[in-house]
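**Student:** Predicted model and sequence follow; I will ask about them next.
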Amino acid sequence: MRFVQTVLILILTVGLLSADSIKDDLKKAEELENHGKYKEAVVLYKGLLKEKMDKDERFNILLNIADIEFDKMERPDSALKYLEMAKSEFSENYRRMDEVYYRLGIVYEKLGKYKDAAEAYQTVAVRFQKSKYVDDALDGVERAFRKNFREYVAFIGDEPVTKLELDKELESVPPFYRSAYESEEGRKKLLENLINKRVLVKEAELRKLYLKSRFREELEKRRQQLLMRELYDEITSDVKVAEDEMRRFYNKNKEKYKIPAKATIRRVVVNSKAEADSIYEALKNGADLDSIIKTKSVAPDAKTGGWMRNLGEGSKPKALVQKAFKMKPGEISKPIKIPGSNQYAIIKVIEKQEERYRPFEEVKPQIEKTLMAKKAKENWQKFTKSLWDKYKVKLIEESGEEKGTEEKKGKG
């Protein structure tokens, strides 16, 4: 009996050691990948596939190999092999099968197998509607459909250029210039431009210009920018702002939403006090303001009816504005001396708007946008800071001494 127990303990111990060894190798492979040693990482990952392990770990390894082969080593055929392995080894109902199908769509598209790509993307969109790749898969279906569309407008060797692709090219032209390409002659020019782009790229690829250092550096820089943008969108996508948060912000910052008092007046400007008094009396007795402004006013705005619209309390001329804000709509002022001149003005207040605040519902979308941006920034900064720990960042001081993340944080 003791012998059997001993054997069982030995078997379990070996199993545990094997599991620990697998975890160690997985960690090494991930570190190699993080340090850009992709060939070494793939070799280690492929070796691990021969071991018995948890199904989720095996699934991760297959996807990791496919991703490295496709994205880092530019071998879509090899990536396809490992994605097909994942597809055959795991049930269609496996909770992460959408990740396989979406990658299959990308790989098929790269290989020019547009029908297969469309089917893979469509599987994600139809069968995995809660997948994070749904929107991207729908875009992929549209791209593949444009390539499969049988109404061709040109061929570059055996590669067709479809009418839908030409339509898509037209959509990418800024609206201001688009009309120039909508005529028959314009579409012909657009097609020539599209073909030129494709043959130039083909020629550059044939000459293997993608191997040049300058190209690789620029490509990597652009790749990093795009990846960071996608990561930002992913990290901040769940940011939400509650109604009570928006109301608190509104009440705290209400002065930002103040609409100052305004007045609209019409004026008659003349060169003497006597003439101003005469006009004032005439207006009080019902004389026509339009006629008087047109025939008597010497102000430049007489031609347009003497209108002065939407005057704020700080608007000029101050003498007229200050008087207007003391009057009621419809009221006509006595002659007002215009400072610095011998002129006098008579004004009629047409409309007055009291100082008010824009209502919450009106500014709610603006507040939501402001708070969303603030929260997104905070989330992003917090997330970025956490990556320093995850990737074990160490700073080298000028003295040559290493400072770990935690030590640096303590100083802060």
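**Tutor:** Perfect, thanks for sending it. These numbers come from a predicted model, not from an experiment.

**Student:** Next up, the contacts around residue 398.
**Tutor:** Residue 398 makes no contacts at all, as judged by C-beta atoms under 8 Å, 6 or more residues apart in numbering. All C-beta spots, glycine's among them, are computed from the backbone N, C-alpha and C.

**Student:** Next one: it from residue 384, what distance?
**Tutor:** 24 Å (C-beta to C-beta, to the nearest Å).

**Student:** ok, now residue 359?
**Tutor:** 38 Å.

**Student:** Those two: who's more crowded?
**Tutor:** Higher neighbour count among residue 359 and residue 384: residue 384, with 13 against 10, using other C-beta atoms under 10 Å.

**Student:** Quick one: name whatever helix or strand follows the helix or strand that contains the more buried one.
**Tutor:** For residue 384, the host element (DSSP states H and E) is helix 360-390. Where DSSP H and E defines the elements, the next helix or strand beyond helix 360-390 is strand 394-396.

**Student:** ok, that following strand: who's next to it in the sheet?
**Tutor:** strand 402-404 (antiparallel) (DSSP bridges).

**Student:** Let me see the ranges of the helices in the stretch 151-300 of the chain.
**Tutor:** 163-171, 175-178, 184-206, 213-236, 243-252, 273-284, 289-296 (DSSP state H, counting those that start in this stretch).

**Student:** so which of these comes closest to residue 267?
**Tutor:** helix 289-296 (7.8 Å; C-beta to C-beta).

**Student:** Which elements pack onto that closest one?
**Tutor:** strand 262-270, helix 273-284 (3 or more C-beta pairs under 8 Å, 6 or more residues apart in numbering; DSSP states H and E).

**Student:** ok, 6 Å please
**Tutor:** strand 262-270 (3 or more C-beta pairs under 6 Å, 6 or more residues apart in numbering; DSSP states H and E).

**Student:** Neighbouring strands of the strand it packs on in the sheet, and parallel or not?
**Tutor:** Strand 262-270 has these strand partners (DSSP bridges): strand 307-311 (antiparallel), strand 344-353 (antiparallel).

**Student:** pLDDT score for the residue nearest the centre of the chain?
**Tutor:** Nearest to the geometric centre of the chain sits residue 233, at 7.3 Å (C-alpha atoms, centre = their mean). Looking at residue 233, its pLDDT is 94.

**Student:** separation between it and residue 367?
**Tutor:** 22 Å.

**Student:** for residue 211, same thing?
**Tutor:** 52 Å.

**Student:** shaky segments in this protein?
**Tutor:** 1-18, 400-412 (pLDDT under 70).

**Student:** domains for it, by residue range?
**Tutor:** Domain assignment for the chain by automatic domain parsing gives 261-354, 363-411.

**Student:** what's the closest of those to residue 135?
**Tutor:** domain 363-411 (18.9 Å).

**Student:** What helix or strand is residue 131 located in?
**Tutor:** Going by DSSP H and E, residue 131 is not in any helix or strand.

**Student:** Name the residues of the helix holding residue 384 that are buried.
**Tutor:** The neighbour-count check on helix 360-390 (16 or more other C-beta atoms under 10 Å) flags 360, 363, 367, 368, 370, 371, 375, 376, 379, 388 as buried.

**Student:** what's it packed up against?
**Tutor:** helix 213-236, helix 243-252.

**Student:** These into JSON lines, with extra columns for distance to residue 294?
**Tutor:** JSON lines is the format used below for the helices and strands packed on helix 360-390 (distance: least, C-beta to C-beta, whole Å):
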{"stretch": "helix 213-236", "distance to residue 294": "61"}
{"stretch": "helix 243-252", "distance to residue 294": "47"}
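
**Student:** ranking the ones you listed by burial, who's on top?
**Tutor:** Burial of the helices and strands packed on helix 360-390 is given as mean neighbour count (mean count of other C-beta atoms under 10 Å); helix 243-252 ranks first at a mean of 13.

**Student:** and that one, C-alpha only, in PDB?
**Tutor:** The C-alpha coordinates for helix 243-252 follow below in PDB (Å, rounded to 0.1, in the frame of the first residue of the first chain):
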ATOM      1  CA  GLU A 243     -26.500  62.500 -15.000                       C
ATOM      2  CA  ASP A 244     -25.800  63.700 -11.400                       C
ATOM      3  CA  GLU A 245     -22.100  64.200 -12.300                       C
ATOM      4  CA  MET A 246     -23.100  66.500 -15.200                       C
ATOM      5  CA  ARG A 247     -25.600  68.400 -13.000                       C
ATOM      6  CA  ARG A 248     -22.900  69.000 -10.300                       C
ATOM      7  CA  PHE A 249     -20.500  70.200 -13.000                       C
ATOM      8  CA  TYR A 250     -23.200  72.500 -14.300                       C
ATOM      9  CA  ASN A 251     -24.000  74.000 -10.900                       C
ATOM     10  CA  LYS A 252     -20.300  74.500 -10.100                       C
END
